[in-house]
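A.B. asks: compute the structure for the input listed below.
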Amino acid sequence: MRFSQKSMTLAGAAALAAKVAFGPAWAFAGALGTAVIPTAIIYPGQEITGDRIQVVDVTNPNLSGDYARNGNEVIGMIARSTLLPGRTIPVSSLREPYAMTRGSTVRLTFSIGNMTISAAGSPLVDAAVGDVIRARNLDSGVIVSGTVMADGTIHVVAK
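C.D. replies: From the prediction side, this is the model:
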């Protein structure tokens, strides 16, 4: 820093001394938490892996929204929209991976009381666990609605 003797006032000297002694005001503000950011562009439909993200400290008090705060929230998820390096990852731009894909063969199950009926079926859309979807019974051709289960079956609901 260069200063001329004439331009330095007492108030200016005091301000300069404070900046030199204490540094900028934001330097003492602690981190406000953490955020997850991509290290490379992640395109829609791509799975988020640990080597494609970084957890950083948040120092901007104006940062708000539903962004991911730790890696466990995003690893294994699928991007719904393009995620740019250095930007926070909105939780709303992530989805669970599909448990079944359209056109694959799955087991349809229907239970009432102690009786269980099962048949081969084919989902009409890609779906994640818990989604209510329509599927075609491969034996009869009838289209039924049901809930995608974690074991890869569709639990058919009664009409």
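A.B. asks: how is this structure partitioned into domains?
C.D. replies: For the chain, automatic domain parsing gives the domain ranges 26-95, 106-156.
A.B. asks: now find how far off-centre the first one is within its chain.
C.D. replies: Going back to what we said before, that points to domain 26-95. Relative to its parent chain, domain 26-95 has a centroid offset of 8 Å by C-alpha atoms, centre = their mean, to the nearest Å.
A.B. asks: do the same with the last one
C.D. replies: Between the mean C-alpha location of domain 106-156 and the chain-wide mean there is a distance of 28 Å, by C-alpha atoms, centre = their mean.
A.B. asks: end-to-end on that domain?
C.D. replies: 12 Å (C-alpha to C-alpha, to the nearest Å).
A.B. asks: do stretch 103-117 as well
C.D. replies: Stretch 103-117: ends 21 Å apart by C-alpha to C-alpha.
A.B. asks: quick one: buried residues of that stretch?
C.D. replies: 106, 108-110 (16 or more other C-beta atoms under 10 Å). (Glycine included, C-beta is placed from N, CA and C.)
A.B. asks: same check on stretch 37-57?
C.D. replies: Using 16+ other C-beta under 10 Å as the test for burial, stretch 37-57 gives 37-38, 42, 48, 52-53.
A.B. asks: closest to residue 88 among those?
C.D. replies: When the buried residues of stretch 37-57 are ranked by distance to residue 88 (C-beta to C-beta), residue 37 comes first, at 6.1 Å.
A.B. asks: residue ranges in this protein under the pLDDT threshold?
C.D. replies: 1-31 (pLDDT under 70).
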